[in-house]
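J.: generate coordinates for the sequence data below:
(3 chains)
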Amino acid sequence: EFKGMPQITDKSGWSFKPRGRLQFDAGTIDVPGSTGRGGFGGETRRARLGASGDLPGGFGYKFEFDFAASQLTVTDAIISYETGDAEILVGQFNTFQGLEELTSSVHTSFIERSAFTDAFVFERRVGAALVINSGDILVQTGAFTDNMIDLPGTKNWSLDSRVVYMPKIGETQLHLGGSIHYNELQGGSTVRYRQRPLVHFTADRFINTDRLDADNEFGLGLESAIISGPFHAAAEVYWQNVGLSAGMQDPTFFGGSIEAGYFLTKGDTRGYKSGTFDRSKPASAVDDGGFGSLQVNLRYDRLDLNDAGIIGGTQDGYMASLVWKPTDYTMLLANYAHLEYGDAAFPTGTGSRDYAADIIAMRAQIDF
Amino acid sequence: EFKGMPQITDKSGWSFKPRGRLQFDAGTIDVPGSTGRGGFGGETRRARLGASGDLPGGFGYKFEFDFAASQLTVTDAIISYETGDAEILVGQFNTFQGLEELTSSVHTSFIERSAFTDAFVFERRVGAALVINSGDILVQTGAFTDNMIDLPGTKNWSLDSRVVYMPKIGETQLHLGGSIHYNELQGGSTVRYRQRPLVHFTADRFINTDRLDADNEFGLGLESAIISGPFHAAAEVYWQNVGLSAGMQDPTFFGGSIEAGYFLTKGDTRGYKSGTFDRSKPASAVDDGGFGSLQVNLRYDRLDLNDAGIIGGTQDGYMASLVWKPTDYTMLLANYAHLEYGDAAFPTGTGSRDYAADIIAMRAQIDF
Amino acid sequence: EFKGMPQITDKSGWSFKPRGRLQFDAGTIDVPGSTGRGGFGGETRRARLGASGDLPGGFGYKFEFDFAASQLTVTDAIISYETGDAEILVGQFNTFQGLEELTSSVHTSFIERSAFTDAFVFERRVGAALVINSGDILVQTGAFTDNMIDLPGTKNWSLDSRVVYMPKIGETQLHLGGSIHYNELQGGSTVRYRQRPLVHFTADRFINTDRLDADNEFGLGLESAIISGPFHAAAEVYWQNVGLSAGMQDPTFFGGSIEAGYFLTKGDTRGYKSGTFDRSKPASAVDDGGFGSLQVNLRYDRLDLNDAGIIGGTQDGYMASLVWKPTDYTMLLANYAHLEYGDAAFPTGTGSRDYAADIIAMRAQIDF
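T.: Next comes the predicted model:
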């Protein structure tokens, strides 16, 4: 059976599936010229290969690595064991940060996720977790060390938990959830929260707290979504509290976004599965002689890195995207964003740090 | 179906094929001892793995990465869309440089390609291209940024185009082609043209322009080949003009080679497909109880890096190779080269820069 | 057919098999606090993917690379040719160091191999070898350059040979072997022998010769094992002689270990194949409704890096392991070790270099 790549199974409980994705981005960033920033850019955003499979006895594995920019980084490396509604995970994986972060990058509605998901340094970590998925309830709880690239070495550890309620009422899928995160940092650590202007093909972070000496981080996230026929909406908020090393007041930074989307093509709807958005499959794909699916999305994306005397800057982002999926596994994406910055990291020629950036970006994507 | 690796297909338009190659080289370089260069050497020349496949609707993908020397580099990473005679490519791939550069390294007639293909820094780049392949005509045109490893970051871009006429007259395959290349370099760039003595398992480049401050490069290539039964011949020339940053005269460097080959074993011929040499398949392989194929090749390989006051050196290379293919997917290669240098980069004890190098090299190769 | 991953074959002599392994380790190292060492640690020990296959005509290939810690390293990269009892290998592979080093890391009885196998810097190298496997006799002989990561560049080379006699007497498998190794180092080389306290998730080497200017190394190993039903025992010793560059007396360092193991579960036995331990397969796996296999192992592990005036330190290690294999391809491993050091590299607060380390470590493993 093919699902992008061949899915090979046998009756004794074995299965094996290679997987991969390719994303190429290009676009322009328009900011006041006197900042010395912006311009045309492009890159291979993700080039991933991996494999997943099942073994007899309820065991499974998943591997995935990314070699965009010719630097290999491991994304997922997981051993799993499933019994009934419970699953135990050991390895490197996401720390249950929230709806959009856990949704695969090939199923997002914009070229990049909301600003806070990058700014607060969400990452995969090596650890162990218990996941309960029973009917409309999903509970994910784990203890983690650090990302593989930092191990052995760091003594950081974290506890992360997420709960989702996801009833389907008639044809309408609802999603309500929350997550909490405690991250203990080893002595002498720093944190830095910063974010690019929507797109990844630039090194310029227009808002940036710079390095803060910190002992720990405490995060709280709330998430909600609804999918009803061609329409979907989603809203997420996240507070990140930092325990500073010096005896200063601990800041709490905030990020959140709200979006709505609509399929212009008949019969299309956004995919959803087990607490995240999933693949949307065109009702009439080009290989069936159709046009594929066409979806428009609007988003407001807020990030506030100003608190307790720290001036990291603020972002109010207004975005639109057009998503064309010729087939289930291909996507062309056009994005426009107008970002209004306060206290930006790069001043203009007149010293102003309050200005706007306008971004146009395209993506060509295939996954399998 | 197996073609080296399993080719898995289904009737709805899906296919998937893993691919790989392994090349191990060893040999000696004999030069005047007083240069302090040369000697025995060896290496893993290429160790590549990848996958390619088709998706319903005319879409396809190709991935390949190389981890020889334990450093991962991405070679191809391509999304394709095919309709009729036209194909659109997005991703990282070769910039249509010429016949030998575009011929896979497992199908070349010598252990390395002609000197100019390395000297003029032919590389894969991220971009988009349109390819028309209609009957005997092939037209390839693309716009490119830079190699993935340099992105995001550089602002280099290039335009590259190649045309091939490839009629088959009776049993004789003809190939005539030309290509033009314009490469705009970002401010403050340098170029450096240099070349090893045929083999790759040394770091010594005997001819070398060293770094030149440059604004752009303009390349022009001409190529021709003929395959007739056991015989083949090929000739390529390439002029590389450099737009220097300072107000000096722009140099034009030259490279070219001419070769002829003959199969000593009965019924064998060199493979050709869509504008490049392709796999040669022994008429009587060892798995059929035969000897495989045995081919001898001769080549003259010229490189001239002296022009407009720049003394990069010249090479006149006289080469012979013996190619034994026990089966379609295995190769043992023996090479001899006599290279006469003028204005070489490394002087002898008496200060002479005009001397010769003699190289003997072997390769063991498998691909799948 | 599935053996962990799908094994795809066809009747003309082709086969292809992807392969992989994941190992996650965690534990604690308890040493005198005044050394400033030890504590809790964890890591992704191995994350490997690869593929092996056969081609018509007796040719084969094997690839494997490791991306634990997000750094890609090539383990095996081999072209092979088999005819009758003889096999020719070209590429990068192990230099026939001994029973435990050649046994796959997914089939060892402790979380790490004996101390000497790391201390004496056993590694894979690029070279060519002839292997004869006839009845109860195995002879392996090869000539090698260096590890891929060091090529091209180094001029090191080695000759390595190993002989094994492995009769099966009734139900009892015997194993007797020896190996010799000569390693010629290029001018200006150093060697350094050192070892971690059993586990890999620390950077602390408690015994350490530090760098010695050396011209060559000469190694001699002896190995023996017995498997009889649920019981096995193995003993290995290895002498490493170093040819120092200066006119000093050449030291000979020593390492060796002896172990015994027993399966507590009925019907289980340790796997063995062609001169190394192989996969042990639970008689009653959890996917058959059983418990899997449970094995206890005890080991004494000696390493002596003191000789000829060089004080690298000594280790007397007393170890126990509990190996639970729920299925053929999954393993949970618990280890305890008490290591007594003499002349350790890190002094205590009172300047003592003779003290003990206690280690508790766990591993979760899957391979396919």
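J.: worst mean pLDDT across the helices and strands of chain A, which element?
T.: strand A:2-3 (a mean of 54; mean pLDDT, DSSP states H and E).
J.: which stretches of the stretch 101-250 of chain A form helices?
T.: A:115-119 (DSSP state H, counting those that start in this stretch).
J.: which bits of it sit near chain B?
T.: A:200-203 (Cβ under 8 Å from any Cβ of the partner chain). Where C-beta positions appear, they are placed from N, C-alpha and C, glycine not excepted.
J.: in the stretch 251-368 of chain A, what residue is nearest chain C?
T.: Residue of the stretch 251-368 of chain A nearest chain C, by Cβ to the nearest Cβ: A:Phe368 (15.6 Å).
J.: B:Pro56 is in contact with that residue, correct?
T.: No. Assessed by Cβ atoms under 8 Å, A:Phe368 is found out of contact with B:Pro56, at 11.4 Å.
J.: pick out whichever of the two has more residues nearby.
T.: More crowded of A:Phe368 and B:Pro56, by other Cβ atoms under 10 Å in any protein chain shown: A:Phe368, with 27 against 19.
J.: chain A against chain C: which residues are in contact?
T.: A:8, A:10, A:12-14, A:16, A:18, A:51, A:53, A:55-59, A:61, A:63, A:65, A:72-74, A:77-79, A:90-92, A:126, A:145, A:147-149, A:151-153, A:155.
J.: SS state for the nearest residue to A:Thr108 once chain neighbours are set aside?
T.: Spatially, and ignoring its direct neighbours in sequence, A:Thr108 is nearest to A:Glu100 (6.7 Å; Cβ to Cβ, 6 or more residues apart in numbering or on different chains). Per DSSP: H, G, I helix; E, B strand; the rest coil, the secondary structure class of A:Glu100 is helix.
J.: quick check, pLDDT for A:Glu100.
T.: If you check A:Glu100, the pLDDT there is 98.
J.: what bridges to A:Ala334?
T.: Beta-bridge pairing for A:Ala334 (DSSP bridges): A:Leu322, A:Met362.
J.: surely it touches A:Met362?
T.: Yes. In this structure, A:Ala334 is within contact of A:Met362 by Cβ under 8 Å, at 5.6 Å.
J.: ok, now which ones touch the most centrally placed residue in chain A?
T.: The C-alpha lying nearest the average C-alpha coordinate of chain A belongs to A:Glu101 (Cα atoms, centre = their mean; 2.9 Å). Contacts for A:Glu101 were tallied using Cβ atoms under 8 Å, 6 or more residues apart in numbering or on different chains; they are A:94, A:113, A:117, A:122.
J.: which one of the residues you listed sits in the busiest neighbourhood?
T.: Counting neighbours by other Cβ under 10 Å, A:Thr117 leads those with 23 neighbours.
J.: so how far is chain B from the closest residue to that one other than its chain neighbours?
T.: Distance criterion Cβ to Cβ, 6+ apart; nearest residue to A:Thr117, sequence neighbours excluded, is A:Glu101 at 4.8 Å. Distance, A:Glu101 to chain B, using Cβ to the nearest Cβ, to the nearest Å: 22 Å.
J.: look up how far A:His181 lies from A:Glu101.
T.: Shown here: A:Glu101 relative to A:His181, a distance of 11 Å by Cβ to Cβ, to the nearest Å.
J.: now swap in A:Phe63 and tell me
T.: The value you get for A:Phe63 to A:His181, if Cβ to Cβ is used, is 25 Å.
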